[in-house]
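Enquirer: predicted model, plus sequence, below.
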Amino acid sequence: MDRWFPRIAIPMTWEQFRQLPQHPAFRYEYLDGTATLTARPRRYHALLPLTAEATHAHRPTVDIDPLDVAGWEQLPPLFADAFAATAPLSLLEPQQRLDAARDCLQRTRDGEHGLPIESASFVATTADQPCAAILITLLQAGDLERFDDPAWAQPPPPDALTIGWGRPHVTWVFAAPHAARRGLATALLSRAAGSLVELGYNELASTFLLGNEASLLWHWKNGFRLLSYVGSPRRMADDQHTA
């Protein structure tokens, strides 16, 4: 998502700059009568234990089906609408937002965000139109609080899913604005978790951006354990102290 955070320059007085609300995904600077906002997205990670007992959420009043080729093709407009009020996509014009949605989803489909696990990815539909989706990929099982872990350099083997390699990851979960707060994302998570348990996995990772409070609360509500920030100065100091 870094490439879709636009750099913003706004002419204003110093007094106006001091009163400007600040979003944690940006760095704010002031020089020669201009406020400059530069992308500084900070990602946080979370882990969810997977058990057979924890994969049964309430049943929503919509159809939930495994993601297929046709489903992939229908997702970009849904993705764009779902994130229309969330930075950085909220800062883009509608056509740019749709282009960004296509780009993000294509990168996921091509495996740039991990090996897609289509058997654990689902789409919720109503009136034959997608209204929510969850996309699960498979990443290396490295330490999410230490990105210098050698495990992150391991490439996936050809039979990764068969041998239970790596750790599943919630790459995207989103719902259309009209379908928000109806428990669809939680129901989709439940279906994905059930499929992952059948594949032999016992934990599911996820990532969200600082400033996306709705995502943070969703992870907390659904039992994810929030992990410390990888670039935390306190953590880095602790690592140096114990080295």
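Expert: Right, received. Where do you want to start?

Enquirer: relative to the helix or strand containing Phe174, what are the paired strands and their orientations?
Expert: Here Phe174, judged by DSSP states H and E, is contained in strand 167-175. With DSSP bridges as the test, strand 167-175 is paired with strand 129-139 (antiparallel), strand 203-209 (parallel).

Enquirer: right, and the helix or strand after the first one?
Expert: Yep, that's strand 129-139 we're talking about. Where DSSP H and E defines the elements, the next helix or strand beyond strand 129-139 is helix 160-163.

Enquirer: any residues touching that next one, and which ones?
Expert: If you take CB atoms under 8 Å, 6 or more residues apart in numbering as the criterion, helix 160-163 is touched by Leu115, Ile117, Leu138, Pro157, Gly166, Leu199. C-beta: built from backbone N, CA, C; applies to glycine.

Enquirer: closest one of those residues to Leu67?
Expert: Ile117 (9.5 Å; CB to CB).

Enquirer: quick check: nearest residue in space to the closest one, chain neighbours excluded?
Expert: Nearest non-adjacent residue to Ile117, counting by CB to CB, 6 or more residues apart in numbering: Ile136, 4.6 Å away.

Enquirer: run through the strands of this protein in chain order.
Expert: Secondary structure of the chain by DSSP state E: the strands cover 8-11, 26-31, 34-39, 43-49, 63-66, 115-116, 122-126, 129-139, 167-175, 203-209, 225-226.

Enquirer: can I get the ones you listed in CSV including mean pLDDT, distance to Leu92 and mean neighbour count?
Expert: Compiled in CSV, the strands of the chain are given as follows (pLDDT from 0 to 100; distance: least, CB to CB, whole Å; neighbours: other CB atoms under 10 Å):
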stretch, mean pLDDT, distance to Leu92, mean neighbour count
strand 8-11, 90, 12, 12
strand 26-31, 88, 14, 14
strand 34-39, 87, 13, 16
strand 43-49, 91, 20, 17
strand 63-66, 90, 29, 14
strand 115-116, 95, 25, 18
strand 122-126, 91, 24, 21
strand 129-139, 94, 20, 24
strand 167-175, 95, 16, 23
strand 203-209, 91, 15, 20
strand 225-226, 90, 28, 13
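
Enquirer: who wins for proximity to Asp148 among those?
Expert: Among the strands of the chain, the nearest to Asp148 by CB to CB is strand 43-49 (14.9 Å).

Enquirer: got the contact list for that closest one?
Expert: If you take CB under 8 Å, 6+ apart as the criterion, strand 43-49 is touched by 144-145, 193, 202-210, 216, 219, 222-227, 229-230.

Enquirer: repeat the analysis, applying 6 Å as the threshold.
Expert: Contact partners of strand 43-49, identified using CB atoms under 6 Å, 6 or more residues apart in numbering, comprise 144, 203-208, 219, 223-227, 229.
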